[in-house]
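Engineer: no FASTA, just this:
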């Protein structure tokens with residue numbers, strides 16, 4: 001596992017899984033929200049997002065979590081692992097509201113500085129977006145899961161216990177480092 005693509009709807013747990021997987025494996029973690037947003041909740045242009053995503057895809061190792069589906073074909077072509085967090089929409093909406101409260105007035109770890117969480121009209125708009133796109137977005141992620149490139153190992157998790165079991169089944173970074181050292185000795 002060297003290049004991991006994590007997808008799921010907003011609030012599915014992508015960022016949390018990416019951070020935990022990064023800590024477990026030692027792989028660098030990239031959050032799409034850091035590419036999507038600039039300070040002050042200023043959205044980058046689609047072309048800038050494409051370019052920044054390609055810069056990540058071309059690296060030798062990464063855990064890349066999040067959307068920008070325009071670049072998914074290139075991302076999965078480079079990935080060796082695909083993780084789809086297929087979490088029910090009602091739970092995702094709850095999680096988005098909870099994180100808005102927990103981080104209210106501050107930027108989340110997966111966002112650039114200067115993007116504080118808030119509860120306002122944009123929050124309501126985002127919740128509507130989650131609801132409105134739930135079926136189409138899920139179909140795109142399911143299509144990648146059902147027909148991945150042959151070199152990609154796929155995982156679909158619908159519950160937190162499935163994610164925990166997956167993480168618990170992985171060797172930690174100390175074991176990975178020891179194995180690499182033995183290979184190069």
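Structural biologist: Thanks, I have it. Quick caveat, the model's predicted, so the values are computed rather than measured.
Engineer: need phi/psi at residue 149.
Structural biologist: phi -60, psi 150 (degrees, to the nearest 10).
Engineer: how close does residue 2 sit to residue 102?
Structural biologist: Counting by Cβ to Cβ, to the nearest Å, the gap from residue 2 to residue 102 is 32 Å. Where you see a C-beta, it was placed from the backbone N, CA and C, and this is true even at glycine.
Engineer: just residue 139 next, same as before
Structural biologist: For residue 139, the distance to residue 102 - Cβ to Cβ - is 31 Å.
Engineer: what residues does the host helix or strand of residue 155 touch?
Structural biologist: Assessed by DSSP states H and E, residue 155 sits inside strand 153-157. For strand 153-157, contacts defined as Cβ atoms under 8 Å, 6 or more residues apart in numbering pick out 1, 80, 81, 82, 83, 84, 85, 86, 145, 148, 163, 166.
Engineer: now that strand: mean pLDDT?
Structural biologist: Averaged over strand 153-157, pLDDT sits at 97.
Engineer: buried residues in it?
Structural biologist: The neighbour-count check on strand 153-157 (16 or more other Cβ atoms under 10 Å) flags 154, 157 as buried.
Engineer: over to stretch 9-29?
Structural biologist: In stretch 9-29, counting by 16+ other Cβ under 10 Å, buried: 9-22, 24-25, 27, 29.
Engineer: cool, stretch 62-69 as well?
Structural biologist: Here stretch 62-69 shows 62, 63, 64, 65, 66, 67, 68 as buried, counting by 16+ other Cβ under 10 Å.
Engineer: quickly name whichever of these is closest to residue 159.
Structural biologist: residue 65 (18.2 Å; Cβ to Cβ).
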